[in-house]
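Peer 1: Fold the stuff below for me.
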Amino acid sequence: MGKQPRSLYGRVAVITGGGRGIGKALALALTSEGCRVAIGDVDAASAEAAAAELGGEALGLPLDVTDRPGFTAFLDEVERRLGPIDVLVNNAGIMPVGPVDEEDDATAIRLLEINLHAVIHGTKEAMRRMKPRGTGHIVNIASTAGKNGAPHLATYCATKHGVVGFTEAVRAELRGTGVGVSVLLPHFVSTELTAGIKATPTIPHSTPEQVAEAALNALRFDRFEVWIPNRLGPTWALSNFLPRRLRDALARTLRFDRALVEADRGARAAYEARAAASAPATDVVIAESAAEREAA
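Peer 2: A predicted model of the protein is given here:
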């Protein structure tokens with residue numbers, strides 16, 4: 001007899017970066033399962049609009065995940081208004097595309113703070129709240145870039161490798177506590193984040209709804225590592241038996257290495273501008289550091 005899915009009805013779920021894309025799709029999916037959902041987003045208007053679309057007790061609150069005291073206060077406010085958090089989805093992230101030697105320090109710092117440090121902080125906060133109750137589940141959104149490297153995506157890959165390794169370590173620490181953790185590994189998803197990036201013939205872009213359904217299954221069945229599409233998991237495992245040179249040749253043949261190099265910069269301009277303004281707390285630190293360097 002297969003493992004019985006656990007009910008999500010009545011659970012309090014929090015999603016960072018939930019105002020659009022994958023986060024919003026997941027908020028809708030969790031609400032349909034009977035969860036009470038709180039959305040945090042640096043774009044307060046999008047968080048509020050998404051919560052209004054969900055209806056009921058849904059909350060949409062401003063959240064800059066790089067403001068760690070603010071992140072903690074956000075979670076405190078959710079618990080004050082909805083009750084103890086049962087599910088935390090660390091979804092907020094950015095993906096600037098371009099040659100790494102042309103990437104400025106501000107972009108690298110922003111990537112590390114949003115994609116990795118915020119996931120670490122959110123996970124710690126969730127553990128501190130969930131472990132004493134012996135229940136709860138953390139979902140960290142990584143990427144297939146957390147298992148492979150891709151040209152014009154070097155620092156992004158570094159952050160997602162970090163999320164995968166961090167989540168694997170947290171899983172070991174949580175064993176026996178009653179708290180679960182999952183890491184999602186989506187390939188390209190049809191959101192603003194992948195604007196101007198063409199799908200490869202062998203792997204079409206997934207939809208946000210497909211990622212949301214995969215996240216629901218991770219929660220229902222307590223699954224740790226979830227690939228989207230799921231056939232990429234066995235493919236990646238088998239590819240590791242190949243010599244490096246053969247793997248590289250295969251990637252070139254399938255044009256995996258061209259999708260980002262050939263990204264349409266014009267089509268990505270609006271997203272890249274929004275991503276560059278997505279971490280107000282970090283931007284203050286970057287500006288202060290730049291001023292100090294100039295003064296020196």
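Peer 1: which regions of this protein sit below the pLDDT cut-off?
Peer 2: 1-2, 254, 256, 290, 292, 296 (pLDDT under 70).
Peer 1: can you point me to the longest helix in the chain?
Peer 2: Scanning the chain for the helix with the most residues, using DSSP state H, yields helix 154-174.
Peer 1: So which elements touch that helix?
Peer 2: When contacts are defined as 3 or more CB pairs under 8 Å, 6 or more residues apart in numbering; DSSP states H and E, helix 154-174 sits against helix 105-111, helix 118-130, strand 136-141, strand 179-186. (C-beta placed from N, C-alpha, C; glycine too.)
Peer 1: Kindly present the ones you listed as CSV, with separate columns for distance to residue 173.
Peer 2: Shown next, in CSV, are the helices and strands packed on helix 154-174 (distance: least, CB to CB, whole Å):
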stretch, distance to residue 173
helix 105-111, 25
helix 118-130, 8
strand 136-141, 11
strand 179-186, 9
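Peer 1: Out of these, flag the one nearest residue 201.
Peer 2: Across the helices and strands packed on helix 154-174, residue 201 has its closest neighbour in strand 179-186 (18.5 Å, CB to CB).
Peer 1: quick one on the thing from earlier: how distant is the longest helix of the chain from the center of its chain?
Peer 2: On the basis of CA atoms, centre = their mean, to the nearest Å, helix 154-174 sits 11 Å off its chain's mean C-alpha point.
Peer 1: which outside residues touch it?
Peer 2: For helix 154-174, contacts defined as CB atoms under 8 Å, 6 or more residues apart in numbering pick out 93, 95-96, 100, 103, 107-108, 111-112, 115-116, 119-120, 123, 127, 131, 138, 140-143, 145-150, 180-183, 185, 224.
Peer 1: Quick one: buried ones out of those?
Peer 2: Buried members of those, counted by 16 or more other CB atoms under 10 Å: 93, 95-96, 103, 107-108, 111-112, 115-116, 119-120, 123, 127, 138, 140-143, 145-148, 150, 180-183, 185.
Peer 1: quick one: the strands in the stretch 151-296 of the chain?
Peer 2: Secondary structure of the stretch 151-296 of the chain (DSSP state E, counting those that start in this stretch): strands at 179-186, 225-228.
Peer 1: Parallel or antiparallel, which strands does the shortest one pair with?
Peer 2: When pairing is defined by DSSP bridges, strand 225-228 lines up against strand 179-186 (parallel).
Peer 1: For the strand it pairs with, C-alpha coordinates in CSV please.
Peer 2: C-alpha atoms of strand 179-186 as CSV (Å, rounded to 0.1, in the frame of the first residue of the first chain):
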residue,chain,number,x,y,z
VAL,A,179,9.8,18.9,10.9
GLY,A,180,10.2,18.2,7.2
VAL,A,181,12.2,20.0,4.5
SER,A,182,12.1,19.8,0.7
VAL,A,183,14.3,21.3,-2.0
LEU,A,184,12.7,22.0,-5.4
LEU,A,185,14.8,21.9,-8.6
PRO,A,186,12.8,23.4,-11.4
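Peer 1: thinking again about what came up before, in CSV, list the strands of the stretch 151-296 of the chain along with distance to residue 249.
Peer 2: Putting the strands of the stretch 151-296 of the chain into CSV (distance: least, CB to CB, whole Å) gives the following:
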stretch, distance to residue 249
strand 179-186, 23
strand 225-228, 23
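Peer 1: between these, which gets nearest to residue 86?
Peer 2: Nearest to residue 86, of the strands of the stretch 151-296 of the chain and by CB to CB, is strand 179-186 at 10.1 Å.
Peer 1: Quick one: distance of the closest one to the chain centre.
Peer 2: Offset of strand 179-186 from its chain centre (CA atoms, centre = their mean): 10 Å.
Peer 1: Tell me where the stretch 1-150 of the chain has strands.
Peer 2: For the stretch 1-150 of the chain, the strands defined by DSSP E, counting those that start in this stretch cover 12-16, 36-41, 59-62, 87-90, 136-141.
Peer 1: Of all these, which one comes closest to residue 259?
Peer 2: Across those, residue 259 has its closest neighbour in strand 136-141 (19.8 Å, CB to CB).
Peer 1: in its sheet, what does the closest one sit against?
Peer 2: Strand pairing for strand 136-141, determined by DSSP bridges: strand 87-90 (parallel), strand 179-186 (parallel).
Peer 1: now the angle from it to strand 12-16?
Peer 2: Here strand 136-141 runs at an angle of 20 degrees relative to strand 12-16 (axes from the mean of the first three to the mean of the last three CA atoms, to 10 degrees).
Peer 1: Give me the residues contacting strand 136-141.
Peer 2: With contacts defined as CB under 8 Å, 6+ apart, strand 136-141 is touched by 22, 85-91, 93, 119, 122-123, 126-127, 129-130, 163, 166-167, 170, 178-184, 186, 215, 218-219, 222.
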